[in-house]
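Engineer: got a predicted structure here, sequence first:
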Amino acid sequence: MKGLKNFFVLTVLVGFVNAATAQVKDTVVVKSDSSATAKAKPGAKKPEKIKPYKEVITDKAITDLGVLSVHKVQDKFYFEIPQTLLGKEFLLVSRLTKAAAGMRSGTSGYAGDQIGQNVITFEKGPQDKIFIKSISFVDYAKDSTSQMYNSVMRNNVHAIIMSFDIKAFGEDKKSYVIDATDMLDADNELVSFDATVKMGYKVGAFQKDKSYINFVKSFPNNIEINTTKTFAKTLGRLTVPPGQEKPVVSGNYTVEINSSLVLLPENKMQARYFDPRVGYFAVGYTDFDLDPQGVKRVSLIKRWRLEPKPQDLEKYKRGELVEPAKPIVFYIDPATPKKWVPYLMEGVNDWKKAFEKAGFKNAIYAKVPNTKDDPEWSLEDARFSAIVYKPSDVPNASGPSISDPRTGEILESHINWYHNVMLLLRNWYFVQASPNDPRARKMDFDDKLMGQLIRFVSSHEVGHTLGLRHNFGSSSTVPVEKLRDRNWLEKNGHTPSIMDYARFNYVAQPEDKVTEAGIMPRIGDYDDWAIEWGYRRFYQYNSPDKEKEHLNKWVITKLKNNRLWFGTESNPYDPRSQSEQVGDDAMIASAYGIKNLKRIVDNLQDWTKKPNEDFSNLSIMYDQVTGQFSRYLGHVSKYIGGQLETPKTIEQSGSVYEVVSKADQKRALEFLNQNIFTTPEWLLKKEVFQNTEKTPVNLVENLQTTVLNRILADNVLQMINQSQTEDADAYALVDYMNDLKENIFTNSTEDIYRRNLQRNYVESLIGLLNAKPSSANRFSRTAEVSKNSDVAAVVRGTLNNIKENIAVKKLADLVNKYHYEDLTYRIQKALDPK
């Protein structure tokens, strides 16, 4: 659940242009026919005559007043744009209200999915035109009187994407009437698919004769445009799993699209600078003013605008809890199955306590919409945030949000809740918690258990919509042995952050008698701190620059508590920051995890059986066991060639980067030797292979190869080799490679599993020497090494050493004799291709 970052969310957008200086300043003058045509060139199209208001907006018009007045006259839709709104910025977001049959792929193509986003302005142009401009947030200079500002503006002209003739002036001569029908009933970047999204959905040519406008509604700060659009399909087809027939579909896609045009706040929220020590999503821009001798990339955190009510401001400043002027409200999609609604709501309401740390009570809550009391409530209305239920077989959920690109202010969010996330939750809980929780020792969980699992995921996704990124390092602050301490766990939880991917406590053993409170994630110390840091208001500072020093000192003080540490999800080398890991030592934690997996495997057939069904559940859950085992191996593998990263400012002591100690790397290698290089016999249950299509040899080989790809990747070997320049006592590359070789080529009798391991190990070394750059990837045997590095020399030397050791072996076993002859041939061919 990747708290994932939606493609359409503006996360790297930048400052803004003063629209008042960018717009063309025209005086409103109604020209006569003669003056309008006198200067026209021969053959040029005559400007359309501007008619009196009553001739355009007739007495048959159905008018909806709002931020822009919308008039429907028969089949025409007119927008009436006040002069006061010219140059004002609007956020335009388009979503699927109804998705086409056959268009879905993975987690996309469902009702509620966002398909486009833009920031636009309406501006008065020459020749009685109204332009729509697309606003670019790329570069920024604050001082509009400076030469730099003028230079930035000259190089960032906003594109005109629509042009409209003025049909009439408002009755008070202070507004302009345009015919928006052709824009609405068309395929364009404003009310249809973004071009990239259209390609992803395989949406082709627009079918205008099969498309129409459903309605346009105007509200005080937004307009909702609802259209039905039909498109031809492209020739490309979505992939279909083997064994499934391709569905019979028509040649077109018909979808319903809702486009929300939202006026961005003129009173902009005070932004807060991003800090890598506290995990927030961000928007950003390139600032040409901050650094007098260069440019600087500026990042602003994404957060909701929480402010005290004016009458409570002084109370807030005194440290009293106050209610925000505008709380964060999530509505539950009416399509959600009723029995899960309370748990989804609890997942939202659980964040109330965290916001009290920032000085706000009742700052966030969930509601079930009451369309009787509020008939204009709509799931697509941009004023409302919601948890949207999607009847999908995708086992996932996600928490995207829409933000003001100028400040990072979150304006609304639609959390995607896919029905089949329950399958994911069942599988996770079964494979990680069933040894400790008897309720998980079956295929169909009771509603109460599933409800609590739904509540946990709801809280996690809501955390993303509050601006919080994954904190993969949070669980690494917990000593492994504390994960077996029932009393400690009930007080503290098994990870300090629900934004971690710690999932469930797989370390606890049955004899520890740990309860649900010590197994399931919950909002913890880090989450409370992150909300406090992001949402606490400091009214003594009236700009991001002025509060920066205060915030830095605050973070430094708080980080003396290790449980408040943020470990990024993006560092491939830091073993503290890992998905699906718990505890501060992966070797110890994984050993406990394997003990629990052994208990599951011993009971797997009994715990997965269902009357009158085949062995599909046995096969599925066995895959879950092997997948979990592979995660443990991956957690340990990351110590090899590892590097710890701890972001700091210059006021903090200690290093930002530290090499993982030699002792820990050697412990990691020994763990791998004992648990995967040595065949994991516990995993090879005869009854599984007798009742499923699985084969033990392929299973073990895949697990071993995955580990080899990680610990023999070129970038990992380069990290090990370079580490000695930072630490004289670091694990030397030649020592590591020799230790690994000795583990692979033991003196024990080789069986089929060991032969496969040795073959894949040798092929990994050969691949390092022979791969082409175009085939390289980060953790693969095909990653090419630099021909001038120590890595190439050590790899070549290791292959030579293997060949020499094989030559002196005397084997009576014919299979092993042929095996070693084959290895010799492969090595010789690699070292001397000619």
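Structural biologist: Sure thing, it's come through.
Engineer: ok, residue 723 touching residue 657?
Structural biologist: No. The criterion here is CB atoms under 8 Å, and residue 723 misses it with residue 657 at 10.3 Å. All C-beta spots, glycine's among them, are computed from the backbone N, C-alpha and C.
Engineer: between these two, which contacts overlap?
Structural biologist: Counting by CB atoms under 8 Å, 6 or more residues apart in numbering, the common neighbours of residue 723 and residue 657 are residue 643.
Engineer: which one of those two is surrounded by more residues?
Structural biologist: Under the criterion of other CB atoms under 10 Å, the comparison of residue 723 against residue 657 puts residue 723 first, with 24 against 11.
Engineer: what pLDDT does that one get?
Structural biologist: On the pLDDT scale, residue 723 is placed at 89.
Engineer: now swap in the one 3 residues further on and tell me
Structural biologist: Taken from the predicted model, the pLDDT recorded for residue 726 is 78.
Engineer: enumerate every residue touching it.
Structural biologist: 657, 659.
Engineer: surely it forms part of a strand?
Structural biologist: No. Applying DSSP: H, G, I helix; E, B strand; the rest coil, one finds residue 726 to be coil, outside a strand.
Engineer: for the stretch 1-150 of the chain, which segments count as strands?
Structural biologist: Along the stretch 1-150 of the chain, counting by DSSP state E, counting those that start in this stretch, strands occupy 62-64, 69-73, 76-82, 90-98, 114-125, 129-134, 139-140.
Engineer: what's the least confident stretch among those strands?
Structural biologist: Among the strands of the stretch 1-150 of the chain, strand 139-140 scores lowest, with a mean of 56.
Engineer: which segments of this protein make up each domain?
Structural biologist: Structurally, the chain divides into domains by automatic domain parsing as follows: 19-264, 273-584.
Engineer: any idea how far apart the tips of the last one sit?
Structural biologist: Using CA to CA, to the nearest Å, the gap from the first to the last residue of domain 273-584 comes to 30 Å.
Engineer: comparing the domains of the chain, which comes out most buried?
Structural biologist: When the domains of the chain are scored by mean count of other CB atoms under 10 Å, the highest mean neighbour count falls to domain 273-584 (a mean of 19).
Engineer: which stretches of the stretch 601-750 of the chain form helices?
Structural biologist: Listed in chain order, the helices of the stretch 601-750 of the chain (DSSP state H, counting those that start in this stretch) span 616-637, 662-672, 686-691, 696-711, 714-723, 733-744.
Engineer: any idea which of the domains of the chain scores lowest on pLDDT?
Structural biologist: Of all these, mean pLDDT reaches its minimum on domain 19-264 (a mean of 79).
Engineer: got CSV for the strands of the stretch 1-150 of the chain, with distance to residue 768 too?
Structural biologist: CSV is the format used below for the strands of the stretch 1-150 of the chain (distance: least, CB to CB, whole Å):
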stretch, distance to residue 768
strand 62-64, 67
strand 69-73, 65
strand 76-82, 63
strand 90-98, 47
strand 114-125, 43
strand 129-134, 48
strand 139-140, 43
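Engineer: mind listing what residue 560 touches?
Structural biologist: Residue 560 makes contact with no residue, according to CB under 8 Å, 6+ apart.
Engineer: quick one, phi psi at it?
Structural biologist: Note on residue 560: backbone dihedrals following degrees, to the nearest 10 are phi -70, psi -20.
Engineer: count the neighbours of residue 765 for me.
Structural biologist: Around residue 765 there are 24 residues (other CB under 10 Å).
Engineer: now the helix or strand encompassing it, how far from the centre of its chain.
Structural biologist: If you go by DSSP states H and E, residue 765 is part of helix 752-770. A distance of 36 Å separates the centroid of the chain from that of helix 752-770, by CA atoms, centre = their mean, to the nearest Å.
Engineer: and stretch 684-699, by the same measure?
Structural biologist: Using CA atoms, centre = their mean, the mean C-alpha position of stretch 684-699 is found 36 Å from that of the whole chain.
Engineer: go on, stretch 122-130?
Structural biologist: When distances are taken as CA atoms, centre = their mean, stretch 122-130 is centred 40 Å away from the chain's centroid.
Engineer: same check on stretch 335-350?
Structural biologist: With CA atoms, centre = their mean, you get 22 Å for stretch 335-350.
Engineer: so what touches that stretch?
Structural biologist: With contact meaning CB under 8 Å, 6+ apart, stretch 335-350 is reached by 330, 332, 364-366, 368, 387, 389, 391, 417, 447, 451-452, 454-462, 522-523.
Engineer: swap the cut-off to 7 Å and go again
Structural biologist: Residues external to stretch 335-350 that are found in contact with it (CB atoms under 7 Å, 6 or more residues apart in numbering): 330, 332, 364-366, 368, 387, 389, 447, 451, 454-455, 458-459, 462, 523.
Engineer: what of stretch 533-544?
Structural biologist: With contacts defined as CB under 7 Å, 6+ apart, stretch 533-544 is touched by 270-273, 278, 280, 301, 303, 306-307, 317, 355, 358-359, 467, 547, 550.
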